[in-house]
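Peer 1: got a predicted structure here, sequence first:
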Amino acid sequence: MRLLEALRLGTTPRLAFSGAGGKTTALFRLGREYLELSAGSPDYSHTVFLAATTHMAVEQLQMADWHIVVTENETVVPPPGGWPTGLLLLTGPPGQDKRTSGLSMAQMDQLLAFSEEAHFPLLVEADGSRQRPLKAPASHEPAIPAWVETVVVLAGLSGLGRPLDAEWVHRPERFSDLAGIPLGQNISAEALVRVLSHPSGGLQGLPEGARRIVLLNQVDSAELQAATQKMSIELLQAYQAVVVASLSFPQAESIHAVHEPAAGVILAAGSASRFGQPKQTLPWHGQALVRHAARTALKAGLAPVVVVTGYAANQVQTALEGLPVELIYNPDWAAGQSTSVITGLQHLPLQVGSVVFMLADQPLVPASLVRSLVETHAAACAAIVAPLVQGQRANPVLFDRCTFPDLLSLTGDVGGRVFFSRYPVSWLPWNDERVLFDVDTLEDYQALLNIPATEIET
């Protein structure tokens, strides 16, 4: 997976990197990815602007194809003959400390005007960390232009388990205050999450309205990858996405996972005319089937969980009382399943990265299966992730946000499976054939009543 795909970037991003633990590597790797794409697509530019608003080590300049020095109070102008192709790095002049100075905000505004005119990507290194894996910002950091649309906050996990001191952390005293741990104590994942999520830590100086992404870098072991699972759940309270990686330059396959909010949409609007009564409100072990589905979605960590109602909406609402779910009424439910799919999608937050569609008449689906769908999606950002049980595709199915425009175009009594031939499907092998069970007939329901709820893995 390319870094630009993990970050969900378009053809001309306005992006800044802050934090510590690989900003320059990420900057140049992302720039190279754009150049590689330009070789095969007219949508991508053959020129990429890289800029620094902070210090950059002189030895790092050689990673650019062109280095343009802009002195203090100098206006940014193209070189004679215009902007060349390749990676163009613009910085201030180098000093005696073998570090370049950063461009001013006025110079960055001038560079933005050129990038917009020519449709060049503009990538900014906006923070300094003295090549430490972790840092806490000073009051004036990071130096991010207000027009930046995406901010990627980096943290190098090689600093986890290390003592909180100047060898591993830039501004350790400040880090200590934000993390709530004393100097010299080993840095835990929990402490790092507190710093990254703090308004005076990782969130400091981010432009209002910009997408916020954490890039957990230097994840070079299975133990660190496991640690990022819990970290990501907590970081998604403050960020739109968490990318887990071990970045290198030049490019290598090193994106381990992309964690984004995964929503659940439970389709519970039909009248079940063939069955003879609404299936979603049928009782099973003291609770309606739709309540079992909602509890499964919540146990799996889906958020938000949206229940689309239609026929018997009042009964469904009563069945779900007390659960933290959102009920949305679909007035067009009689026109088919597509209307409920569209209704559910239209009520999801913009930051949702994927959605799991669940059916109210399949109560034997365990939360572990739903979690596995989300984890499989995180590993590769597949367009569709579906269970495969004894060679049969099963429900529920996860759809990446890249499929949402097509899902919103559905008509009639069809769901998202019509797009299985349009998008690559990542199949999740599942050995429990009970997930194939649904309540279609009275005989099915009678069989369900004989299954103890405690047998269903959660």
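Peer 2: In hand now; what should we look at?

Peer 1: for the rest of this, base every contact and every neighbour count on C-alpha atoms.
Peer 2: Fine.

Peer 1: for this structure, what's the longest helix?
Peer 2: helix 23-38 (DSSP state H).

Peer 1: residues making contact with that helix?
Peer 2: Outside helix 23-38, the residues within contact range by Cα atoms under 8 Å, 6 or more residues apart in numbering are 2-4, 11, 17, 44-48, 50, 60, 63-64, 86-87, 123-125, 154, 247-251.

Peer 1: can you pull out the helices in the stretch 101-250 of the chain?
Peer 2: 105-118, 172-179, 189-196, 222-235 (DSSP state H, counting those that start in this stretch).

Peer 1: and these as a markdown table, adding mean pLDDT, mean neighbour count and distance to residue 428?
Peer 2: Listed next are the helices of the stretch 101-250 of the chain as a markdown table, based on pLDDT from 0 to 100; neighbours: other Cα atoms under 10 Å; distance: least, Cα to Cα, whole Å:
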| stretch | mean pLDDT | mean neighbour count | distance to residue 428 |
| --- | --- | --- | --- |
| helix 105-118 | 97 | 16 | 43 |
| helix 172-179 | 98 | 20 | 39 |
| helix 189-196 | 98 | 20 | 30 |
| helix 222-235 | 94 | 16 | 19 |
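
Peer 1: for residue 383, find the nearest of those.
Peer 2: helix 222-235 (20.9 Å; Cα to Cα).

Peer 1: returning to what we had before: and the helices of the stretch 101-250 of the chain: which comes nearest residue 362?
Peer 2: That would be helix 222-235 among the helices of the stretch 101-250 of the chain, by Cα to Cα, at 27.1 Å.

Peer 1: list the buried residues in stretch 157-176.
Peer 2: Within stretch 157-176, the residues scored as buried using 16 or more other Cα atoms under 10 Å are 157-160, 162-166, 168-176.

Peer 1: low-confidence ranges in the stretch 251-400 of the chain?
Peer 2: Across the stretch 251-400 of the chain, residues meeting the criterion (pLDDT under 70) sit at 251-253, 273, 276.

Peer 1: all helices of it, in order?
Peer 2: Under DSSP H, counting those that start in this stretch, the stretch 251-400 of the chain gives helices at 289-299, 313-319, 337-346, 367-380.

Peer 1: next, the buried residues of the shortest one.
Peer 2: It stands for helix 313-319. Within helix 313-319, judged by 16+ other Cα under 10 Å, the buried ones are 313, 316-317, 319.

Peer 1: please apply the same query to the third one.
Peer 2: Neighbour-count burial for helix 337-346 flags 337-345 (criterion: 16+ other Cα under 10 Å).

Peer 1: over to the first one?
Peer 2: Buried positions in helix 289-299, judged by neighbour count with 16+ other Cα under 10 Å: 289-298.

Peer 1: how far is stretch 167-179 from where the chain is centred?
Peer 2: Centroid separation for stretch 167-179 versus its chain: 27 Å, with Cα atoms, centre = their mean, to the nearest Å.

Peer 1: got the contact list for it?
Peer 2: Here stretch 167-179 has contacts from 129-130, 132-138, 159, 162, 164-166, 182-183, 191-192, 194-195, 198, 200-201, using Cα under 8 Å, 6+ apart.

Peer 1: could I have it exported to PDB, CA atoms only?
Peer 2: The C-alpha trace of stretch 167-179 is given here as PDB (Å, rounded to 0.1, in the frame of the first residue of the first chain):
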ATOM      1  CA  GLU A 167      18.300  11.000  24.200                       C
ATOM      2  CA  TRP A 168      14.900   9.800  23.200                       C
ATOM      3  CA  VAL A 169      12.600  12.800  23.500                       C
ATOM      4  CA  HIS A 170      12.900  16.300  22.100                       C
ATOM      5  CA  ARG A 171      11.800  18.700  25.000                       C
ATOM      6  CA  PRO A 172      11.500  15.900  27.600                       C
ATOM      7  CA  GLU A 173      10.400  18.300  30.400                       C
ATOM      8  CA  ARG A 174       7.400  19.400  28.300                       C
ATOM      9  CA  PHE A 175       6.600  15.800  27.400                       C
ATOM     10  CA  SER A 176       6.700  14.900  31.100                       C
ATOM     11  CA  ASP A 177       4.100  17.600  31.900                       C
ATOM     12  CA  LEU A 178       1.800  16.500  29.100                       C
ATOM     13  CA  ALA A 179       2.200  12.700  29.700                       C
END
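
Peer 1: about what we covered before: show me the contacts of helix 23-38 that map onto strands.
Peer 2: Mapping these onto strands (DSSP state E) picks out 17, 47-48, 50, 86-87, 123-125, 154.

Peer 1: between the buried residues of helix 313-319, which sits nearest residue 349?
Peer 2: For these, the closest approach to residue 349 (Cα to Cα) belongs to residue 317, at 21.6 Å.

Peer 1: give the bridge partners for the spatially closest residue to the closest one that is not a sequence neighbour, please.
Peer 2: Leaving aside its sequence neighbours, residue 317 sits nearest to residue 327 (Cα to Cα, 6 or more residues apart in numbering; 7.3 Å). Here residue 327 shows beta-bridge partners residue 307, assigned using DSSP bridges.

Peer 1: thought residue 310 was touching residue 327, still the case?
Peer 2: No - using Cα atoms under 8 Å, residue 327 is not in contact with residue 310; the gap is 10.2 Å.

Peer 1: mind putting the buried residues of helix 337-346 in a markdown table, distance to residue 237 included?
Peer 2: Compiled in a markdown table, the buried residues of helix 337-346 are given as follows (distance: Cα to Cα, whole Å):
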| residue | distance to residue 237 |
| --- | --- |
| 337 | 32 |
| 338 | 31 |
| 339 | 31 |
| 340 | 28 |
| 341 | 26 |
| 342 | 26 |
| 343 | 25 |
| 344 | 22 |
| 345 | 21 |
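
Peer 1: and which of these is nearest residue 361?
Peer 2: Once Cα to Cα is applied, the member of these that ends up nearest residue 361 is residue 337, at 13.9 Å.

Peer 1: that closest one is in contact with residue 417, isn't it?
Peer 2: No - Residue 337 is beyond contact range of residue 417, at 11.5 Å (criterion: Cα under 8 Å).

Peer 1: domains in the protein, by residue range?
Peer 2: 3-259, 262-455 (automatic domain parsing).

Peer 1: distance from the chain centre to the longest one, please.
Peer 2: Right, domain 3-259. Worked out by Cα atoms, centre = their mean, domain 3-259 lies 17 Å from the chain centre.

Peer 1: next, the distance between the ends of that domain.
Peer 2: Domain 3-259 stretches 14 Å from its first residue to its last (Cα to Cα, to the nearest Å).

Peer 1: what do you get for stretch 90-104?
Peer 2: Note: stretch 90-104 ends 11 Å apart using Cα to Cα.

Peer 1: pull out the buried residues from it.
Peer 2: 90-94, 99-104.

Peer 1: how about these in TSV, adding distance to residue 143 and pLDDT?
Peer 2: Listed next are those as TSV, based on distance: Cα to Cα, whole Å; pLDDT from 0 to 100:
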residue	distance to residue 143	pLDDT
90	15	97
91	14	97
92	14	96
93	17	95
94	18	93
99	17	93
100	15	95
101	12	95
102	9	96
103	10	97
104	9	97
